[in-house]
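Asks: fold the stuff below for me.
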Amino acid sequence: MKALRWHGVKDLRLETITEPQALKGKVKIRVEWCGICGSDLHEYVAGPIFIPEGTAHPLTNEKAPIVMGHEFSGQVVEVGEGVTSIKAGDRVVVEPVFACETCPACKQGKYNLCDKMGFLGLAGGGGGFSEYVAVDEHMVHKIPDSVSYEQGALVEPSAVALYAVRSSQLKVGDKAVVFGTGPIGLLVIEALKASGASDIYAVELSPERKLKAAELGAIVLDPKECDVVQEIHKRTGGGADVAFEVTGVPPVLTQAIESTKIGGQIMIVSIFEREAPIKPNHIVMKERTMTGIIGYRDVFPAVISLMEKGFFPAEKLVTQRIKLDDVVEQGFEALLKEKNQVKILVSPRL
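Replies: Below you'll find the model as predicted:
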């Protein structure tokens, strides 16, 4: 079968590899759509970050080259011995988290904090940029007929956004601000809407992304046009209840902290590639709290239910659909060069 494998920085190769089998406890899926994630893009331009190179990943026993892609949907074509909850013909998405099940975090049910945690499509185990994937039964979630395969490919990134909001102290009627409206930031806006936020501010420089944020219902502020911290305090009467930092840019973290009210909260959703200096007194003197989240846990069913009700709409978030043969030039390179792109979906079926 055809599969896109990471060999090194700027070295993704569409290759022919052996089709996976539905071994004991496994579910074999025919991939319909797979999204290109920001983490995929980071691996392309600056990896390896999560991809094991040189030493095999402790849970998959694989190392580069590995098949990429972890935001995907598809149809089950075969199940292995012992699989009972999934059958051939089911429409599904995959929760692509590998966890050891024995470390302290796993024993607490916090599998996203596993000491050895890895992602299918980054740590090995196959990936969505291929024709077929075989995964463990517990990673598979069924989607109803009312949720399209395209929509299904957005379940994984939407889970990050919903988990971020559910992990915050946000209450119905609260005011929130999202710093950075790339794909995850836009999905955080959707998750805030679903969670009952009264006003959602979005801080963004990109004209294209500002339009997308406004289309989703956010009040958009451009830091080139105003002092966003002062503007948020003025508009909210003292600061946002919760600020979500989704840029990974150090100076923006400072803005996020200062944009919140007395007793407000800052949620760090992004991964920082370098250290970010902060002034502790900006937290101490206003009794603010700051929390970080990584990935998600136990939210896929809730995301799928919200999608049935119209949240996280593919028609507003997907900006391009391409075939697997074109994934490097029209996918990865397009995301680097074209600022109007939000989410690009890839299919081996086109």
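
Asks: so the most centrally placed residue in the chain, which of the three states?
Replies: When the chain is reduced to its mean C-alpha position, the nearest residue by C-alpha atoms, centre = their mean turns out to be Pro157, at 2.9 Å. Put simply, Pro157 is helix when judged by DSSP: H, G, I helix; E, B strand; the rest coil.

Asks: contacts only, for it.
Replies: Gly35, Cys37, Glu71, Pro183, Ile184, Leu187, Lys343 (C-beta atoms under 8 Å, 6 or more residues apart in numbering). (C-beta placed from N, C-alpha, C; glycine too.)

Asks: switch the cut-off to 10 Å
Replies: Pro157 sits next to 35, 37-39, 70-71, 183-184, 186-187, 296, 303, 312, 317, 343 when contact means C-beta atoms under 10 Å, 6 or more residues apart in numbering.

Asks: likewise Pro277?
Replies: By C-beta under 10 Å, 6+ apart, the residues touching Pro277 are Pro250, Pro251, Leu253, Thr254.

Asks: quick one, which of those residues are buried?
Replies: When neighbours are counted using 16 or more other C-beta atoms under 10 Å, the contacts of Pro277 contain these buried positions: Leu253, Thr254.

Asks: between the contacts of Pro277, which is closest to Met307?
Replies: Relative to Met307, the closest of those is Leu253; by C-beta to C-beta it sits at 30.7 Å.

Asks: how much space separates the closest residue to the closest one other than its chain neighbours from Lys323?
Replies: Computed as C-beta to C-beta, 6 or more residues apart in numbering, the closest residue to Leu253 that is not its neighbour in sequence is Ala276, at 4.8 Å. Between Ala276 and Lys323 the distance is 39 Å, computed by C-beta to C-beta, to the nearest Å.

Asks: Thr291 should be in a strand, yeah?
Replies: Yes. Counting by three-state DSSP, Thr291 falls inside a strand.

Asks: Ser168 versus that one, what's the distance?
Replies: With C-beta to C-beta as the criterion, Thr291 and Ser168 are 7 Å apart.

Asks: overlap of the contact sets of those two?
Replies: With C-beta under 10 Å, 6+ apart, Thr291 and Ser168 have common neighbours Val242, Gln265, Ile266, Met267, Val269.

Asks: give me the neighbour count for Arg166.
Replies: Other residues within reach of Arg166, judged by other C-beta atoms under 10 Å, total 16.

Asks: for it, give me its contacts.
Replies: With C-beta under 10 Å, 6+ apart, Arg166 has these contacts: Ala191, Ala194, Ser195, Ile293, Tyr296, Asp298, Val299, Ala302.

Asks: in the stretch 51-200 of the chain, which spans are helices?
Replies: Taking DSSP state H, counting those that start in this stretch, the helices of the stretch 51-200 of the chain run over residues 104-107, 149-152, 155-166, 183-194.
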